[in-house]
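Enquirer: what would the 3D arrangement of this be:
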Amino acid sequence: MEYIVKIISVKQITHNVKQFRLEKPQGYTFIPGQATELSINLEQWKDEKRPFTFTCLNTDDYLEFTIKTYTDHNGVTNQLSKLNIGDEVIIRDVWGAIGYKGEGYFIAGGAGITPFIAILRQLNNDGAIGNNKLFFSNKTDKDIILSDELKSILGANAVFTVTGQKDSQYDTRRIDADFLKAEVKDFKKHFYVCGPDAMVEEISGVLAELGADTESVVFER
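Expert: Take a look at the predicted model:
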C-alpha cells in the first residue's frame, strides 16, 4: 500500500540530521521501533525507496522521521534535506523487528538511535522507563542526536561515548567487549542493538560470548 503525504514541518536537529513531520494517513498505525519505506514524490525519485524508522508515538496525529542526511553524494537523504513544508513523500506499509520486550540495555551507533527514540519516548510517556540503560556511540559530540531529550528521559542511564574527538565531554571508549564487561551488570537482561551493520554484528557476537541469551538480543535481522 502506498500513501502520498505532505511535509508539515522540518527541523534541524544536528549539523546533519533533520526531523521531518508528515501528514498521517487515516488508520495508519505502527509499534515503536518499526519503520517504513519512504521515497520522494517526484518522477525521478519516487522509485528510490529507503527504510526510515518512526520517531513519533503511534498516538501522535502526525508521522515523524529523524533522518541523517548525507550531502556528499546525490542520494535520497541529500534530496530529502532539500525538501520543505508542503512537499510530498510516499510512505508504505509498516515493518520492523525492533520492538520492546522488557527492561535492558539499548546499544546504538549514530543514526541507529532512531528506533530507540520512539521506544524510549513511549516508555517515558507510560511512566515505564524503569532501569533501562542506553549506550550511544558517535564520532563527535556534535553528532549526538537528541542528547538533551535522551538525558531527560534516562538521566544517568543515558551513556554517550564519542570515538573520534579527543577533547569530548563524554566517555571516549569504543563499545566493545571491555566496555560491555565494565558497564553491563546483568547479561540476562534484554539487549537492543542498532547501528552500522559491522557494529551490530560485532556487538551481537560479543554479547553471545559474554553470556547474553541470543533470544534476548533484539536487532533487525
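
Enquirer: centre-most residue in this protein?
Expert: The geometric centre of the chain, computed from its C-alpha atoms, lies nearest to residue 114 (Cα atoms, centre = their mean), at 1.2 Å.

Enquirer: break down this protein into its strands, ranges please.
Expert: Secondary structure of the chain by DSSP state E: the strands cover 3-14, 17-23, 35-40, 50-53, 62-68, 88-95, 104-109, 133-138, 158-162, 190-194, 217-218.

Enquirer: kindly reformat those as a markdown table containing distance to residue 200, mean neighbour count and mean pLDDT.
Expert: Bear in mind the C-beta positions are built from the backbone N, C-alpha and C, glycine included. Supplementary listing: these in a markdown table, determined by distance: least, Cβ to Cβ, whole Å; neighbours: other Cβ atoms under 10 Å; pLDDT from 0 to 100:
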| stretch | distance to residue 200 | mean neighbour count | mean pLDDT |
| --- | --- | --- | --- |
| strand 3-14 | 22 | 14 | 98 |
| strand 17-23 | 20 | 20 | 98 |
| strand 35-40 | 15 | 20 | 97 |
| strand 50-53 | 14 | 19 | 96 |
| strand 62-68 | 16 | 21 | 97 |
| strand 88-95 | 17 | 17 | 97 |
| strand 104-109 | 8 | 26 | 98 |
| strand 133-138 | 12 | 23 | 98 |
| strand 158-162 | 16 | 20 | 98 |
| strand 190-194 | 5 | 23 | 96 |
| strand 217-218 | 10 | 20 | 90 |
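
Enquirer: need those strands in CSV (columns: distance to residue 211).
Expert: Formatted as CSV, the strands of the chain follow (distance: least, Cβ to Cβ, whole Å):
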stretch, distance to residue 211
strand 3-14, 35
strand 17-23, 35
strand 35-40, 30
strand 50-53, 29
strand 62-68, 33
strand 88-95, 31
strand 104-109, 13
strand 133-138, 17
strand 158-162, 21
strand 190-194, 11
strand 217-218, 11
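
Enquirer: against residue 143, how distant is the residue lying closest to residue 219 once chain neighbours are set aside?
Expert: Ranked by Cβ to Cβ, 6 or more residues apart in numbering and with sequence neighbours excluded, the top spatial neighbour of residue 219 is residue 193, at 4.5 Å. Distance of residue 193 to residue 143, given as Cβ to Cβ, to the nearest Å: 19 Å.

Enquirer: go on, residue 172?
Expert: From residue 172 across to residue 143, the span is 13 Å (Cβ to Cβ).

Enquirer: ditto for residue 169
Expert: Per Cβ to Cβ, residue 169 is found 13 Å from residue 143.

Enquirer: which residue of this structure lies farthest from its centroid?
Expert: Residue farthest from the centre of the chain, counting by Cα atoms, centre = their mean, is residue 43 at 28.7 Å.

Enquirer: quick one: contacts for the residue lying closest to the residue nearest to the centre of the chain once chain neighbours are set aside?
Expert: The shortest distance from residue 114 to any non-neighbouring residue, by Cβ to Cβ, 6+ apart, is to residue 53 (4.1 Å). Going by Cβ atoms under 8 Å, 6 or more residues apart in numbering, residue 53 touches 33, 34, 35, 65, 96, 98, 114, 115, 117, 118.

Enquirer: run through the residues that contact the last one.
Expert: What it means is residue 118. Residues in contact with residue 118, defined by Cβ under 8 Å, 6+ apart, are 32, 33, 53, 54, 55, 56, 57.

Enquirer: buried subset of these?
Expert: Applying 16 or more other Cβ atoms under 10 Å to the contacts of residue 118, the neighbour count classes 32, 33, 53, 54, 55, 56 as buried.
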